[in-house]
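Trainee: predicted coordinates and the sequence they were generated for:
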Amino acid sequence: MNLFFLKITWRSLTQRGVFPIINILGLSIGLAVVLLISLLIFNETSFDRQFKESRNIYRINAKLTAFMAGETFCGLGNAAGPAFKESVPEVLAAVRTFQQDVVVKINDNPIRVNVIMADEDFFRLFDTPFLSGSPETALSRPNTVAISEEMAKRLFGTENPIGEPLLVENQLQMDVSAV
């Protein structure tokens, strides 16, 4: 039965010339484009939807006008977050983040880690489950840090890291306040 359909398809393609091939290629390209656009739209609309307040979370982008004109990136000056929070009544919380690789010393053992420095409202916007400590007090004091469970195991092993000191870049002592 399948051989019969293959013979009919082959005869149709060879008798009518180039037109069926053009039709099949056009349909294939059209379907591929629709699938790619659908995947792009799905990806863009699913970004950061795991948070409870995801509908109220916005990111401010900067558009360059002089150097590299037209380029857009997600970064503003440090004063922008507090200025928006103060001047726009609809803004309930503003969070500034900065990512950097640093060297952390524990018991004279240096370890390079990737850190994200953030404001105290970070866990108010991005609800994250805590093993120990609380989201309200995790970043409320200066020189405190919240670390992931994986980082706690890497740095402290099986002992409780809450209250333990970390020496960052041989200069700044930070205390672990949450995991």
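Mentor: Yep, it's here.
Trainee: pull out the buried residues from the host helix or strand of residue 37.
Mentor: Following DSSP states H and E, one finds residue 37 within helix 19-45. Residues of helix 19-45 include none that count as buried (16 or more other Cβ atoms under 10 Å). For the C-beta atoms, the positions are set from N, CA and C on the backbone; glycine is no exception.
Trainee: quick check: next helix or strand after that helix?
Mentor: For helix 19-45, the following helix or strand on the C-terminal side (DSSP H and E) is strand 62-63.
Trainee: next secondary structure after that following strand?
Mentor: strand 72-73.
Trainee: who's in contact with that following strand?
Mentor: With Cβ atoms under 8 Å, 6 or more residues apart in numbering as the test, strand 72-73 has contacts from 61, 62, 63, 64.
Trainee: try it again with 6 Å
Mentor: The contact list for strand 72-73 (Cβ atoms under 6 Å, 6 or more residues apart in numbering) reads 61, 62, 63.
Trainee: one more: stretch 63-70?
Mentor: Contacts of stretch 63-70 (Cβ under 6 Å, 6+ apart): 71, 72.
Trainee: please repeat the previous calculation with a cut-off of 8 Å.
Mentor: Stretch 63-70 is contacted from outside by 71, 72, 73, using Cβ under 8 Å, 6+ apart.
Trainee: and what of stretch 163-173?
Mentor: Contacts of stretch 163-173 (Cβ under 8 Å, 6+ apart): 102-106, 143, 145, 155-156, 174-177.
Trainee: for the residue nearest the centre of the chain, give me its contacts.
Mentor: Per Cα atoms, centre = their mean, the C-alpha nearest to the average position across the chain is that of residue 48, at 7.2 Å. Shown in contact with residue 48 (Cβ under 8 Å, 6+ apart): 54, 57.
Trainee: quick one: it from residue 3, how far?
Mentor: Counting by Cβ to Cβ, to the nearest Å, the gap from residue 48 to residue 3 is 53 Å.
Trainee: and for residue 1, the neighbour number?
Mentor: Neighbour count for residue 1, taken as other Cβ atoms under 10 Å: 5.
Trainee: tell me how far it lies from residue 94.
Mentor: 67 Å.
Trainee: returning to that earlier point: measure the residue nearest to the centre of the chain to residue 81 for me?
Mentor: According to Cβ to Cβ, residue 48 and residue 81 sit 18 Å apart.
Trainee: same deal with residue 11?
Mentor: Distance from residue 11 to residue 81, by Cβ to Cβ: 69 Å.
Trainee: more neighbours, those two?
Mentor: Relative neighbour count places residue 81 above the other of residue 11 and residue 81, with 19 against 10, counting by other Cβ under 10 Å.
Trainee: now the more buried one: which helix or strand?
Mentor: Following DSSP H and E, one finds residue 81 within helix 80-87.
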